[in-house]
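Chemist: could you look at this predicted model? Sequence included:
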Amino acid sequence: MPSPSAAPLSEYPYGHRARIGYTSPPLTTEVFPYEFYRMVPAGVTLVITTLAIVVRSKEEVDQSYETSMRAAREMAAAGVDIIVLGGVPINLSRGAANADQIVRDLEAELKVKVSTSTSAQAAAAKALGCKKVVVCQPYEKSETERIAGYATHFGCEVLGATGWGAAFNQIGRIPRHAAIDMGRELMRKHPDADSIFFPSPHWPTAGALDVLEREFGVNCMAAHQAIVWDALRRCGIKDRIDGFGRLFREF
């Protein structure tokens, strides 16, 4: 196919640069597509399948794991350029080592690039050089310790963490200032932190990244940002994108 500059864009599919497949854990997915299209350059599209998560029970996680495997095969058949298996709890539900093996097996079977929410965030944390982090998570405060613990999978020490307090099926209603407010709260308590993490790609975080990086001189890494960045780079799209943190501007 000739480059888009050689012919009218109307002759090309929307995703002529990359079609990114994503298995989205929430049965009702709202924020992820919205912020995806805020971040990506023109010519990149999202191919999405929603899984079964409503209250994050073990039964739902197990069902979602199986559904994500089927969805990956269907996405490959549809011709996506990369498949991202969403949901750190789903990624790790069979063990971290098994998650890596599943990726290798799927890539060998499907002949398509495969990533996970976990591996994308680990790659982003490594690129940014995150070591001492604070974690802002959107769910019930009782979930804070568990969710903050995922940062250890990315090679980081957690200095502090907080939660907004939303039920899983209500995180799309979290106000856009929430991530900024929690980030400020934790940085004032833990000024030695070099990074702020925002787990879960299903609540509004995109608008907080540049604000907090400028205000505190730290790295900001959101799950959504990391997933999209990793997928773009693995598809060979190297555009430097302003407005969504150092990760997109510099790496």
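Modeler: Ah, there it is.

Chemist: okay, CA-based contacts and neighbour counts for the rest of this
Modeler: Will do.

Chemist: could you list the low-pLDDT ranges of the stretch 1-150 of the chain?
Modeler: Low-confidence segments of the stretch 1-150 of the chain, defined by pLDDT under 70: 1-9, 52-57, 61, 88-97.

Chemist: what segments of it are helices?
Modeler: With helices called from DSSP state H, counting those that start in this stretch, the stretch 1-150 of the chain shows them at 31-39, 58-78, 88-91, 96-110, 117-128, 144-148.

Chemist: quick one: buried residues of the second one?
Modeler: If I follow you right, that is helix 58-78. 60, 61, 62, 64, 65, 67, 68, 71, 72, 75, 76 (16 or more other CA atoms under 10 Å).

Chemist: check the residues you listed and tell me the two furthest apart.
Modeler: Pairwise distances across the buried residues of helix 58-78 peak at 23.8 Å for 60 and 76 (criterion: CA to CA).

Chemist: closest to residue 21 out of the helices of the stretch 1-150 of the chain?
Modeler: If you check each of the helices of the stretch 1-150 of the chain against residue 21 by CA to CA, helix 58-78 wins as the nearest, at 6.4 Å.

Chemist: can I get the buried residues of helix 58-78 in CSV including distance to residue 159?
Modeler: Formatted as CSV, the buried residues of helix 58-78 follow (distance: CA to CA, whole Å):
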residue, distance to residue 159
60, 31
61, 28
62, 31
64, 32
65, 31
67, 35
68, 33
71, 37
72, 36
75, 39
76, 40
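
Chemist: touching, residue 196 and residue 217? I think so.
Modeler: No. Using CA atoms under 8 Å, residue 196 makes no contact with residue 217, being 10.5 Å away.

Chemist: higher neighbour count, those two?
Modeler: Each of residue 196 and residue 217 has its neighbours counted (other CA atoms under 10 Å); residue 196 has more, 29 against 12.

Chemist: what's near enough to touch that one?
Modeler: 133, 134, 135, 136, 183, 218, 219, 220, 221 (CA atoms under 8 Å, 6 or more residues apart in numbering).

Chemist: just to revisit the earlier point, need the helices of the stretch 1-150 of the chain in JSON lines with distance to residue 246, can you?
Modeler: Converted to JSON lines, the helices of the stretch 1-150 of the chain look like this (distance: least, CA to CA, whole Å):
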{"stretch": "helix 31-39", "distance to residue 246": "13"}
{"stretch": "helix 58-78", "distance to residue 246": "30"}
{"stretch": "helix 88-91", "distance to residue 246": "23"}
{"stretch": "helix 96-110", "distance to residue 246": "27"}
{"stretch": "helix 117-128", "distance to residue 246": "8"}
{"stretch": "helix 144-148", "distance to residue 246": "22"}
